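Provided below for reference: sequence and predicted model.
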Amino acid sequence: MIEFILNNKIWSTAQVIGLGGLFMICLSYLQNSNKRIVGYQLIGTIFFFFHFLIQAPLNPSVYAGALLNGASAVRCVVFYMRPKKWASHIAWLYIFIFIFGLCGVSSCLLSMNFSDGPVPITTFIAIIISTIATIIGTVAIYIINPKKTRALGLVASSGWFCHNIIIWTIPGMITELITMTSIIIGMVKFDFKKNIQK
């Protein structure tokens with residue numbers, strides 16, 4: 001493994017970029033404002049877009065991560081612009097759900113086209129899981145309610161953690177572990193304490 005890391009500059013560079021995404025995503029769930037959550041997620045998804053894109057020549061199954069994170073960055077820009085009227089329309093939620101579904105299908109086709117042989121079933125499983133997780137994450141940040149954002153974010157993060165295990169992206173796995181921990185800390189700090197006080 002150490003020899004692989006030292007000899008593979010593309011993979012190693014991608015992992016370093018992923019660490020930047022890790023830091024920003026983890027910070028996002030420690031915010032108590034939906035706009036701040038979305039702002040940090042925007043920066044994090046840009047890092048992860050490049051993290052996955054750089055690795056695509058090595059592993060076609062990471063196209064899903066690149067496509068979904070690229071579209072997620074656009075989603076974050078739109079959701080960050082709320083409460084402006086044009087960005088507040090519920091149509092955006094359905095547009096992004098459609099776009100992410102399309103990204104999932106496109107990722108399957110790209111994996112088949114760029115693979116040297118039969119595509120492993122685990123590749124399709126990873127794509128399906130990441131697509132569903134991104135759709136759940138979209139609903140999470142669409143809702144202007146930090147408590148519900150954190151709850152749905154925990155589900156989405158769990159899905160991405162499974163995806164990252166399958167395609168073996170170390171910063172991705174670490175990000176989701178820390179993200180889930182950050183969400184749980186946020187839940188305890190902001191959500192559970194309020195319920196107890198009531």
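Sure thing, it's come through.

In this protein, spot the helix with the most residues.
Ranked by residue count under DSSP state H, the longest helix found in the chain is helix 91-114.

Render the CA-only coordinates of the very next helix or strand once past that helix in PDB, please.
Per DSSP states H and E, the first helix or strand lying C-terminal to helix 91-114 is helix 121-142. Taking Å, rounded to 0.1, in the frame of the first residue of the first chain, the C-alpha atoms of helix 121-142 are listed here in PDB:
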ATOM      1  CA  ILE A 121     -21.400  -5.200  -9.700                       C
ATOM      2  CA  THR A 122     -19.900  -3.300  -6.800                       C
ATOM      3  CA  THR A 123     -19.300  -0.300  -9.200                       C
ATOM      4  CA  PHE A 124     -23.100  -0.100  -9.900                       C
ATOM      5  CA  ILE A 125     -23.900  -0.600  -6.200                       C
ATOM      6  CA  ALA A 126     -21.500   2.300  -5.300                       C
ATOM      7  CA  ILE A 127     -23.100   4.500  -8.000                       C
ATOM      8  CA  ILE A 128     -26.700   3.700  -6.800                       C
ATOM      9  CA  ILE A 129     -25.800   4.300  -3.100                       C
ATOM     10  CA  SER A 130     -24.000   7.600  -3.900                       C
ATOM     11  CA  THR A 131     -26.900   8.800  -6.100                       C
ATOM     12  CA  ILE A 132     -29.600   8.100  -3.400                       C
ATOM     13  CA  ALA A 133     -27.300   9.600  -0.700                       C
ATOM     14  CA  THR A 134     -27.000  12.800  -2.800                       C
ATOM     15  CA  ILE A 135     -30.700  13.100  -3.300                       C
ATOM     16  CA  ILE A 136     -31.300  12.700   0.400                       C
ATOM     17  CA  GLY A 137     -28.600  15.300   1.000                       C
ATOM     18  CA  THR A 138     -30.400  17.600  -1.400                       C
ATOM     19  CA  VAL A 139     -33.600  17.400   0.600                       C
ATOM     20  CA  ALA A 140     -31.500  17.900   3.700                       C
ATOM     21  CA  ILE A 141     -30.100  21.300   2.700                       C
ATOM     22  CA  TYR A 142     -33.300  22.400   0.900                       C
END
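
Give me the distance from helix 121-142 to the chain's centre.
8 Å (Cα atoms, centre = their mean, to the nearest Å).

Just the mean pLDDT for that helix, thanks.
Per-residue pLDDT values over helix 121-142 give a mean of 91.

tilt between that helix and helix 91-114?
Helix 121-142 runs at 160 degrees relative to helix 91-114, counting by axes from the mean of the first three to the mean of the last three Cα atoms, to 10 degrees.
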